[in-house]
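Colleague: sequence and predicted model, in that order:
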Amino acid sequence: MNIYVLLKKTFDTEEKISIVNGQIDDDSAEFIINPYDEYAVEEAIRQRDANGGKVTVITIGNEDSEKQLRTALAMGADKAVLINIEEDLEDGDQYTTAKILEAFFDGRDVDLIFAGNVAIDEASGQVGPRVADLLGIPYVTTITSITIDGTKVTIEKDVEGDVEVIETTMPLLVTCQQGLNDPRYPSLPGIMKAKKKPLEELELDDLDLEEADVEAKTKTIEIFLPPAKAAGRVLVGDVTDQVKELVGLLKNEAKVI
């Protein structure tokens, strides 16, 4: 099977985000594989081991993204592809990403594409479904289980506190979430092997794309942090008095009633 994983570089979840002039200041930030993409990488490796084939991880970014690709290779992926856009498309959006990936997959033999359910930086959850739609293949989001039998694929996904079971066929794109698996940590032998695994670098020209072909359809005007939360208040005294005080606070201070 030809298995692909869509991977994105995101801020470390422990990072403190700083906003400067309406933009995220990432000069000293630490970056990691988007956590939901780690479930995708892990599941791709498991399905390859069970059914045969190769796993290729793909990211769109710049040379700094090689670190995350090498991490995926150390986990067990077979090949990595960096579509290097440098500063050309720094204002790109989900449309931009999907169109670039559509061009990448054009003419390639694809069985399975794994992606994270969302990216923790923008959390739109759009890229996976957009890519599947452009490629004209079925997709299932937020999966928690996937079983392959020949070309038949059985999937479980969360739906409002219950489980939905879906049967479909390949080629197929799925987005992964917590509960699907437990992503492995790269082992020392895996890290050493990753240095020798192929990492292909492409540019827009290699995909027969011009910047105008993938120009963003949306524009971010400003980025800002949510307002700081005010300190909580503890009401004391008789319960009846507490209720009266609470109602007064909600009406006069919070102005929600």
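Modeller: Right, received. Where do you want to start? Numbering: from 1, shown residues only.
Colleague: what is the neighbour count of residue 149?
Modeller: By other CB atoms under 10 Å, the residues close to residue 149 number 9. From N, CA and C alone the C-beta is placed, and that goes for glycine too.
Colleague: show me where this protein has helices.
Modeller: Secondary structure of the chain by DSSP state H: the helices cover 35-51, 66-75, 94-105, 127-135, 188-194, 239-252.
Colleague: any idea of the mean pLDDT for the third one?
Modeller: For helix 94-105, the mean pLDDT works out to 95.
Colleague: about what we covered before: wait, which of the helices of the chain is closest to residue 202?
Modeller: helix 94-105 (7.3 Å; CB to CB).
Colleague: report the inter-axis angle for the closest one versus helix 127-135.
Modeller: Here helix 94-105 runs at an angle of 50 degrees relative to helix 127-135 (axes from the mean of the first three to the mean of the last three CA atoms, to 10 degrees).
Colleague: chain center to helix 94-105: distance?
Modeller: 15 Å (CA atoms, centre = their mean, to the nearest Å).
Colleague: same deal with stretch 218-237?
Modeller: Distance of stretch 218-237 from the chain centroid (CA atoms, centre = their mean) equals 26 Å.
Colleague: what about it, start to end distance?
Modeller: For stretch 218-237, the separation between the terminal residues is 54 Å (CA to CA, to the nearest Å).
Colleague: what does that stretch rub up against?
Modeller: Applying CB atoms under 8 Å, 6 or more residues apart in numbering, the contact partners of stretch 218-237 are 17, 19, 22-24, 91, 93-95, 242, 245-246, 249.
Colleague: got a markdown table for the helices of the chain, with mean neighbour count and distance to residue 147 too?
Modeller: As requested, these are exported to a markdown table (neighbours: other CB atoms under 10 Å; distance: least, CB to CB, whole Å):
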| stretch | mean neighbour count | distance to residue 147 |
| --- | --- | --- |
| helix 35-51 | 21 | 9 |
| helix 66-75 | 22 | 22 |
| helix 94-105 | 20 | 24 |
| helix 127-135 | 20 | 20 |
| helix 188-194 | 13 | 26 |
| helix 239-252 | 11 | 51 |
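Colleague: I'd like those helices as TSV, with distance to residue 161 appended.
Modeller: As requested, the helices of the chain are arranged in TSV below (distance: least, CB to CB, whole Å):
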stretch	distance to residue 161
helix 35-51	20
helix 66-75	32
helix 94-105	28
helix 127-135	22
helix 188-194	37
helix 239-252	30
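Colleague: show me the one of the ones you listed that comes nearest residue 8.
Modeller: Closest among these, using CB to CB: helix 35-51, at 6.0 Å.
Colleague: just the buried residues of the lengthiest strand in the chain, please?
Modeller: Counting by DSSP state E, the longest strand found in the chain is strand 139-149. Neighbour-count burial for strand 139-149, counted by 16 or more other CB atoms under 10 Å, picks out 139, 140, 141, 142, 143, 144, 146, 148.
Colleague: now stretch 11-26
Modeller: residue 11.
Colleague: can you check stretch 165-181 too?
Modeller: For stretch 165-181, by 16+ other CB under 10 Å, it's 168, 170, 171, 172, 173, 174, 175, 176, 177, 180, 181.
Colleague: doesn't residue 44 make contact with the last one?
Modeller: No. Because the distance of 10.3 Å does not satisfy CB atoms under 8 Å, residue 181 is recorded as not touching residue 44.
Colleague: next, the contact list for the spatially closest residue to residue 135 that is not a sequence neighbour, please.
Modeller: The shortest distance from residue 135 to any non-neighbouring residue, by CB to CB, 6 or more residues apart in numbering, is to residue 105 (5.9 Å). Neighbouring residues of residue 105 by CB under 8 Å, 6+ apart: 4, 113, 131, 135.
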